[in-house]
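Enquirer: Structure, please.
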Amino acid sequence: MAADTNKTRRIGDVEVSAIGLGAMPMSIEGRPDEARSIATIHAALDAGITLIDTADAYHLTATDLGHNETLIAKALASYAGDTSGVLVATKGGHLRPGDGTWTQDGSPKYLAAAAEASLKRLGVEAIGLYQFHRPDPKTPYADSIGAIRDLLDAGKIRMAGISNANPEQIKQANEILGGRLVSVQNQFSPAFRSSEPELELCDSLGIAFLPWAPLGGIAQAGDLGAKHPAFHKLAAELGVSPHRLTLAWMLTKSPQVIPIPGSSRPETILDSYAALNLPLTADQVALLDAS
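Expert: Numbering: from 1, shown residues only. As a prediction, the model looks like this:
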């Protein structure tokens, strides 16, 4: 199968760039200064990226809550071009108290309050795509998705998605949402392929699949080529980075796949976006699949 080199795909009824920008690195440990982060977002917009992924939990300390959402709102407001076609996807239900730990709160009361807070930080009348960030073992999954449905019905959010979900949860969420589930955001990369069943299910249902940490995550992305020799060798033969090759390979998986590589520098997001212009042969794809 040859790589799909179309530059756009769909989330629900919204057309977006086939590669999005994961903005998380701009707000957690090692984050750059604000000027560089805004320059990165502007570079992504200039290139044609129209999907930006964030979450209220992308911050450092308890007093820093929503840093990433606020940063994105500022970058969009200061951009000289047209941003009307940009879809900002945020998430709620995963918390970072500020002590380095992560917790969950999927209670309907919390999700309703979290969505309201995200609305204010993003400065919008309705959130373009709101995703339940991670299942909460203390709250029945149906109750959490019911809260997302209520936000959708109330017009607080335009589209609904879920993250870190298994196949049964995807089916359950889609049923509770009345067939209105538009996206699933799960971890998927050369090193983490256990989300293949979820990807295949999304493909069959026509639901967008948004791989998070597609390059292995912040700590591992720099070693992607070294840890995956087949990707390193083929990338060298093609004269591209292993990162660009990885995203091009990922796009061959399904027309529903929209990778969201994390970035905090203009040059890295531009290299990622260039994957849309990297066609792969069926033999090349098979080689990477088998590695």
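Enquirer: And Asn174, its phi and psi?
Expert: phi -60, psi -40 (degrees, to the nearest 10).
Enquirer: so what's it closest to, chain neighbours aside?
Expert: Spatially, and ignoring its direct neighbours in sequence, Asn174 is nearest to Leu181 (4.0 Å; CB to CB, 6 or more residues apart in numbering). To be clear about C-beta, it is placed using only N, CA and C from the backbone, and glycine gets the same treatment.
Enquirer: correct me, but that neighbour touches Ile162?
Expert: Yes - contact criterion CB atoms under 8 Å: Leu181 and Ile162 qualify, at 6.8 Å.
Enquirer: Quick check: neighbours shared by those two?
Expert: With contacts taken as CB atoms under 8 Å, 6 or more residues apart in numbering, Leu181 and Ile162 have Ile170, Ala173 as neighbours in common.
Enquirer: Quick check: buried residues in the host helix or strand of Phe231?
Expert: Using DSSP states H and E, Phe231 maps to helix 229-238. Neighbour counts over helix 229-238 (16 or more other CB atoms under 10 Å) mark Ala230, Phe231, His232, Leu234, Ala235 as buried.
Enquirer: can I get the residues you listed in JSON lines with pLDDT and distance to Ser189?
Expert: Shown next, in JSON lines, are those (pLDDT from 0 to 100; distance: CB to CB, whole Å):
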{"residue": "Ala230", "pLDDT": "96", "distance to Ser189": "14"}
{"residue": "Phe231", "pLDDT": "96", "distance to Ser189": "10"}
{"residue": "His232", "pLDDT": "95", "distance to Ser189": "15"}
{"residue": "Leu234", "pLDDT": "97", "distance to Ser189": "16"}
{"residue": "Ala235", "pLDDT": "96", "distance to Ser189": "15"}
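Enquirer: Relative to Arg244, how far out is Ala230?
Expert: Using CB to CB, to the nearest Å, Ala230 is found at 15 Å from Arg244.
Enquirer: go on, Gln220?
Expert: Gln220 is 16 Å from Arg244, by CB to CB.
Enquirer: more crowded one of the two?
Expert: Each of Gln220 and Arg244 has its neighbours counted (other CB atoms under 10 Å); Arg244 has more, 23 against 15.
Enquirer: That one touches Ala275, doesn't it?
Expert: Yes - with contact defined as CB under 8 Å, Arg244 reaches Ala275; the gap is 4.8 Å.
Enquirer: what pLDDT does the most far-flung residue of the chain relative to its centre get?
Expert: Here the chain reaches farthest from its C-alpha mean at Glu237, the gap being 29.1 Å by CA atoms, centre = their mean. Looking at Glu237, its pLDDT is 97.
Enquirer: now the buried residues of helix 229-238 as TSV including distance to Glu196?
Expert: Converted to TSV, these look like this (distance: CB to CB, whole Å):
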residue	distance to Glu196
Ala230	17
Phe231	17
His232	22
Leu234	21
Ala235	22
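Enquirer: Helices of the protein, start to end?
Expert: 34-47, 67-78, 108-122, 141-153, 167-176, 196-205, 224-227, 229-238, 242-251, 266-273, 282-290 (DSSP state H).
Enquirer: and the ones you listed, which one is worst for confidence?
Expert: Of all the helices of the chain, mean pLDDT reaches its minimum on helix 224-227 (a mean of 82).
Enquirer: what's the spacing between it and its chain's center?
Expert: Centroid separation between helix 224-227 and its chain, computed with CA atoms, centre = their mean, to the nearest Å, is 22 Å.
Enquirer: what does that helix contact?
Expert: Pro190, Ala191, Leu215, Gly216, Gln220, Phe231, His232, Ala235, Ser241, Pro242, His243, Thr246.
Enquirer: for stretch 35-47, same thing?
Expert: Contacts of stretch 35-47 (CB under 8 Å, 6+ apart): 21, 23, 26, 31-32, 52, 71-72, 74-76, 78-79, 81, 83, 86, 263-266, 269-270, 273.
Enquirer: Narrow the residues you listed to just the buried residues.
Expert: Buried members of the contacts of stretch 35-47, scored by 16+ other CB under 10 Å, are 21, 23, 26, 31, 52, 71-72, 75-76, 86, 263-266, 269-270, 273.
Enquirer: re the thing from before, mind exporting the helix holding Phe231 as PDB, just the C-alpha atoms?
Expert: The C-alpha trace of helix 229-238 is given here as PDB (Å, rounded to 0.1, in the frame of the first residue of the first chain):
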ATOM      1  CA  PRO A 229      17.100   0.100  13.100                       C
ATOM      2  CA  ALA A 230      14.700  -0.500  10.200                       C
ATOM      3  CA  PHE A 231      13.300   3.000  10.500                       C
ATOM      4  CA  HIS A 232      16.800   4.400  10.900                       C
ATOM      5  CA  LYS A 233      18.100   2.500   7.800                       C
ATOM      6  CA  LEU A 234      15.200   3.400   5.500                       C
ATOM      7  CA  ALA A 235      15.200   7.000   6.600                       C
ATOM      8  CA  ALA A 236      18.900   7.300   5.800                       C
ATOM      9  CA  GLU A 237      18.200   5.800   2.300                       C
ATOM     10  CA  LEU A 238      15.400   8.200   1.700                       C
END
